[in-house]
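Trainee: Coordinates for the following, if possible.
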Amino acid sequence: MKARVFWMILLASGLFSCGTLPSSSSASSLSSSSYISSGISTMPKATVRVAFIESEHYSLPQYLYEIPKGGTLEVEISLLGRYTLTGLDYADSSFEIIEGAKAKVCLKNVRYSTRVQFRFDLVQTEFVYHLNGGSFLDGTGENYRLPASERYHARPNLDIGVARIHKNGHTLIGWEDERGEVIGLGSRYSVPDKKEAHFQAVWATWNPASDFSYVLREEGAFVTGYFGQIPAKTVVIPAKLGGYPVYGIRDGFASCIDFETLVFPLSLRVIEDGAFRQCSFGKLYLYDDLQEVKNASFADCSIGEFHLLAAHPSKGLTDDPNTQFAEDMDRLILRKDKKKIVFFAGCSGSYSVSSPAMLAHFGDEYEMCNMAVLGNTNATAMFEAMIPYLGPGDLFINGPEMMSEYQILYNLEADNRLFFLFMGNYDLLSKVNVNIIGNFWTAFDEYLDLAAKREEETFDARCFHYNEYGDYILPRPNSSDDADYNIAGVFLPQWVNESSCGRLNAYYEAMQKQGAKTLFTFGPINRNAVERLDPKGTDKKAMLQNLQRYLVAPTIISSMDDSIFPGRYFYDTDYHMSEEGRDLRTKNLIRDIQAYLAS
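Mentor: Modelled structure (predicted):
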């Protein structure tokens, strides 16, 4: 009896015991069905109340309604974000989706006061591509739609476009979003919290043929000189000259010219040695269908922004671990405004850090991004790609391999692997100062040659050697106690000098200006290799002294001795740790971070 009276009180007051209750402002807007006529009080008509459970997925002008008993209630809800209505828990009801963003809901024969809860599903966003004056290759169409799949990449790739659309006298160089940001062809984009994202094709208009001299060869036209406006603003080399596709840029094409923007055509395959001498480029646009280019092709030239455009889907994402860096960058970009621990090293860092274990200790305050992929190519590009996405309160922990001249920034040379790091998202390269990267163009040429030999994939592919945080996750059993994989060096103090540490300090200071804290630890190394190569510890001592002397920007949080582990904890090299070794190294790292935070 008491329970029945309590339920009646709840119904009378409009309060319900489950779900999110309607706000007091909603309840106060109710109109009463009681009335007074001619000064004579009458019995109020029987009414019932309907409360809609509030949710972040929709909105209503009010969430509590009073209607005649047995009546019908119709409401129109606004759907929020990427969610759509799929049902509700009131039996005698119907709903209709209106233009994707609203829904009409009807409750019939409402005989008792009740609360109603909606059901929603997350809708996959569609990318809508507008041709902006272009046309499909068959001459039809105004736009097209593609699903923004997040199954393989946290930030999906935009369409390449050149295989679908064209515009006479123009070169496609990107897609402009609704905020005015231009994204490169095939580069990645953060999916917005809405059902559609719209992009306009960005076309660069060809310069007139009279601006160029050229010769014809069997392959097509080779451009030999530029005779247009100097200083050059936007120069777009046509895809055809004299009715022939532009195949190459000859030696001597341009010398001592400042180009504000230079756009190469999709048809281009060769840039000869000496094609550009002492030129500068504010922005340089180039497709990855090029076949031949060398360092001498851009002798003594400088580039402000290097924009690499995809002419076809990435090749070899499935089998190449180096392509993981683009995945790691996706995670970092999506957490730009969140507090995080960012760990960076060569490949030893992905083998020797357990992000789940780190989160077990620091997850209440920090998210985790393991950016360690490759230590044997230029590292400045990776530093410069990461820096824009670090912010206040972040912990940036650098744990370079002490035997890597690239990680210490002693050697700034690149090889083809640099471009495989960025293969999944070429736009990242536009953030990088390519002028300080040694061997840049020849490394790019090697990359193009290797990529051309790989089987073409769709963008819906990736290397599954890593977890969502960037940790390497394939099985790695312990080795024997005497395991030694014959590494050639362990501690190289000559690489830790004023110049190399000065470069590192500059990057750490750039992070600190954005509010991040910079910490330094040491990459793991096999004790057997250390005893073989530095039995007296002379090199280790000298390297530590140089670090303490020159590396002034970060806080060194670890002991170098703690980076040396027994041989059984290494898997296939003297710096790739087994799973048990990873757990031990992570335990040490957690201890060192806790000590730093407590200091």
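Trainee: From here on, just use CA atoms for contacts and neighbour counts.
Mentor: Fine.
Trainee: Wait, a helix at Ser213?
Mentor: No: with DSSP: H, G, I helix; E, B strand; the rest coil as the criterion, Ser213 is located in strand rather than a helix.
Trainee: hey, what's it bridged with?
Mentor: Here Ser213 shows beta-bridge partners Gly225, assigned using DSSP bridges.
Trainee: how many other residues sit next to it?
Mentor: By other CA atoms under 10 Å, 15 other residues sit near Ser213.
Trainee: who are the neighbours in contact with Asp251?
Mentor: Residues near Asp251 by CA atoms under 8 Å, 6 or more residues apart in numbering: 224, 271-276, 297.
Trainee: From Phe565, how far off is it?
Mentor: Per CA to CA, to the nearest Å, Asp251 is found 54 Å from Phe565.
Trainee: pull the helix or strand with minimum mean pLDDT from this structure.
Mentor: In the chain, the helix or strand scored least confidently by mean pLDDT, DSSP states H and E is strand 36-37, which has a mean of 30.
Trainee: For stretch 226-244, list the C-alpha coordinates in PDB.
Mentor: Extracted as PDB, the C-alpha positions of stretch 226-244 are listed here (Å, rounded to 0.1, in the frame of the first residue of the first chain):
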ATOM      1  CA  TYR A 226      60.300  29.700 -68.000                       C
ATOM      2  CA  PHE A 227      59.600  33.100 -69.500                       C
ATOM      3  CA  GLY A 228      56.700  34.300 -67.500                       C
ATOM      4  CA  GLN A 229      56.400  37.000 -64.800                       C
ATOM      5  CA  ILE A 230      59.400  37.400 -62.400                       C
ATOM      6  CA  PRO A 231      59.200  37.400 -59.500                       C
ATOM      7  CA  ALA A 232      56.800  34.600 -60.100                       C
ATOM      8  CA  LYS A 233      53.600  34.400 -58.100                       C
ATOM      9  CA  THR A 234      51.600  31.300 -58.900                       C
ATOM     10  CA  VAL A 235      53.200  29.300 -61.700                       C
ATOM     11  CA  VAL A 236      51.200  26.200 -62.800                       C
ATOM     12  CA  ILE A 237      53.000  24.200 -65.500                       C
ATOM     13  CA  PRO A 238      50.400  22.800 -67.900                       C
ATOM     14  CA  ALA A 239      49.800  19.100 -68.200                       C
ATOM     15  CA  LYS A 240      50.000  19.500 -72.000                       C
ATOM     16  CA  LEU A 241      52.100  21.600 -74.300                       C
ATOM     17  CA  GLY A 242      51.800  21.500 -78.100                       C
ATOM     18  CA  GLY A 243      49.200  18.800 -77.700                       C
ATOM     19  CA  TYR A 244      51.600  16.500 -75.900                       C
END
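Trainee: pLDDT of it, averaged?
Mentor: Mean pLDDT, computed over stretch 226-244, is 95.
Trainee: Give me the contact list for it.
Mentor: By CA under 8 Å, 6+ apart, stretch 226-244 touches 169-171, 204-214, 216, 220-221, 245-246, 253-254, 257-268.
Trainee: Tell me which residues of it come out buried.
Mentor: In terms of neighbour count (16 or more other CA atoms under 10 Å), stretch 226-244 has its buried residues at 226, 232, 234-241.
Trainee: Repeat that for stretch 446-453.
Mentor: Neighbour-count burial for stretch 446-453 flags 446-449, 451-452 (criterion: 16+ other CA under 10 Å).
Trainee: dump the residue contacts of Arg417.
Mentor: By CA under 8 Å, 6+ apart, Arg417 lies in contact with 322, 377, 447.
Trainee: which among the residues you listed gets closest to Ala553?
Mentor: Thr377 (23.3 Å; CA to CA).
Trainee: what's the neighbour count on that closest one?
Mentor: Thr377 has 23 neighbouring residues, counting by other CA under 10 Å.
Trainee: any idea of the pLDDT on the residue nearest to it when sequence neighbours are not counted?
Mentor: Computed as CA to CA, 6 or more residues apart in numbering, the closest residue to Thr377 that is not its neighbour in sequence is Ala414, at 5.3 Å. Note for Ala414: predicted pLDDT of 97.
Trainee: And for Val123?
Mentor: Note for Val123: predicted pLDDT of 81.
Trainee: from memory it sits against Lys195, does it?
Mentor: Yes: counting by CA atoms under 8 Å, Val123 does reach Lys195; the two are 6.6 Å apart.
Trainee: what residues are shared contacts of the two?
Mentor: Residues touching both Val123 and Lys195 by CA under 8 Å, 6+ apart: 82-83.
Trainee: Verify the contact between Thr323 and Leu418 for me.
Mentor: No: taking CA under 8 Å as the definition, Thr323 is not a contact partner of Leu418, at 9.5 Å.
Trainee: Please spell out the segments of this structure that come in under the pLDDT threshold.
Mentor: Along the chain, the parts satisfying pLDDT under 70 run over 1-44, 100.
Trainee: So which residue is dead centre in it?
Mentor: Closest to where the C-alpha atoms of the chain average out (CA atoms, centre = their mean) is Asp330, at 2.2 Å.
Trainee: Next, that one: secondary structure please.
Mentor: At Asp330, secondary structure determined by three-state DSSP is helix.
Trainee: show me the contacts for it.
Mentor: Contact analysis of Asp330 by CA under 8 Å, 6+ apart lists 153-155.
Trainee: Tell me how far Ser575 lies from Arg331.
Mentor: Actually, residue 575 is Tyr rather than Ser. Taken as CA to CA, the span from Tyr575 to Arg331 is 25 Å.
Trainee: what about the two, which has more around it?
Mentor: Counted by other CA under 10 Å, Tyr575 and Arg331 do not tie: Tyr575 has more neighbours, with 29 against 21.
Trainee: how near is the closest residue to the more buried one other than its chain neighbours to Met402?
Mentor: Spatially, and ignoring its direct neighbours in sequence, Tyr575 is nearest to Ile525 (4.9 Å; CA to CA, 6+ apart). Counting by CA to CA, the gap from Ile525 to Met402 is 9 Å.
Trainee: ditto for His166
Mentor: 50 Å.
Trainee: what sits up against the helix or strand in which Met358 is found?
Mentor: Element membership of Met358, judged by DSSP states H and E, is helix 355-362. Contact partners of helix 355-362, identified using CA under 8 Å, 6+ apart, comprise 366-370, 469, 471, 586, 590.
Trainee: out of these, who has the most neighbours?
Mentor: Counting neighbours by other CA under 10 Å, the top entry in the contacts of helix 355-362 is Asn370, with 27 neighbours.
Trainee: Can you give me the distance of the spatially closest residue to His170 that is not a sequence neighbour to His166?
Mentor: In this structure, His170 finds its nearest non-sequential neighbour in Thr205, 4.5 Å apart by CA to CA, 6+ apart. Distance, Thr205 to His166, by CA to CA: 12 Å.
Trainee: cool, Ala381 as well?
Mentor: 33 Å.
Trainee: Show me the helices in the stretch 401-550 of the chain, by range?
Mentor: Secondary structure of the stretch 401-550 of the chain (DSSP state H, counting those that start in this stretch): helices located at 417-421, 440-452, 498-513, 527-533, 538-550.
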